[in-house]
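> Sequence and predicted structure, then a few things I'm wondering about:
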Amino acid sequence: MTTSAAVALTAERTISEDISTLTVVANGEVFGLPIQTVQTIFRIASLAPVPMGPPDIAGLVNLRGKIVTAVSLRRRLKMENDVVETNALAIGIEHKGEYFCLVVDKVGEVLALDDSKRIPIPPHFDPERLRLTTEFYRVGKMLIPVLDVNALFDFAK
């Protein structure tokens, strides 16, 4: 995807004026996850592999009697050094009637992001990662890309 195509893709997305996000960390990078999508935060007790599944799927997890697909944020963002082990930190999310958990390195705080903190797409941002974000905010010295939950769990792309 070219930078101009990525800019056009993001321009088409609906942008909210105020959003609350849960900050999550993957490989030392901070991202925002819309708080309304978060159902629970937990540690993975055991992980069952998914033979022939997409590489972004870390495995299956039993969460309170429900079988949940564990998705590695590092793998979705094409980051290196990804090994999902038991006791990994995960965020439970129900999306389009299916249950997922997003495996992250750390969970931070909930931030209220208002329109005054939103910035244009940084020119250095990886177009491959851009497809998984909705908008960008500057909070202090941090640049926080807000993750697009629809894109995170759309494995056709």
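Yep, that arrived.

> List the residue ranges of the chain that fall below the pLDDT cut-off.
For the chain, applying pLDDT under 70 flags the ranges 1-17, 81-82, 157.

> in it, which spans are helices?
For the chain, the helices defined by DSSP state H occupy 3-12, 73-76, 127-130, 149-152.

> measure I121 to V83 for me?
According to Cβ to Cβ, to the nearest Å, I121 and V83 sit 31 Å apart. Just so you know, the C-beta spots here come from the backbone N, C-alpha and C atoms, and that holds for glycine as well.

> So if I had to pick from these two, which one is more boxed in?
More crowded of I121 and V83, by other Cβ atoms under 10 Å: I121, with 18 against 8.

> What is the neighbour count of N62?
Around N62 there are 13 other residues, counting by other Cβ under 10 Å.

> and it, how far is that from T40?
Distance of N62 to T40, given as Cβ to Cβ: 13 Å.

> what do you get for D115?
Shown here: D115 relative to T40, a distance of 29 Å by Cβ to Cβ.

> how near is the residue of the chain positioned farthest from its centre to Y99?
Within the chain, G65 marks the point farthest from the mean C-alpha position, 23.9 Å out by Cα atoms, centre = their mean. According to Cβ to Cβ, G65 stands 11 Å off from Y99.

> same thing with R43?
For R43, the distance to Y99 equals 17 Å [Cβ to Cβ].

> Tell me which of these two has more neighbours.
Y99 (16 against 9).

> show me what contacts the closest residue to E98 other than its chain neighbours?
Spatially, and ignoring its direct neighbours in sequence, E98 is nearest to T69 (7.1 Å; Cβ to Cβ, 6 or more residues apart in numbering). When contacts are counted by Cβ atoms under 8 Å, 6 or more residues apart in numbering, T69 touches 50, 57, 60-61, 98-101.
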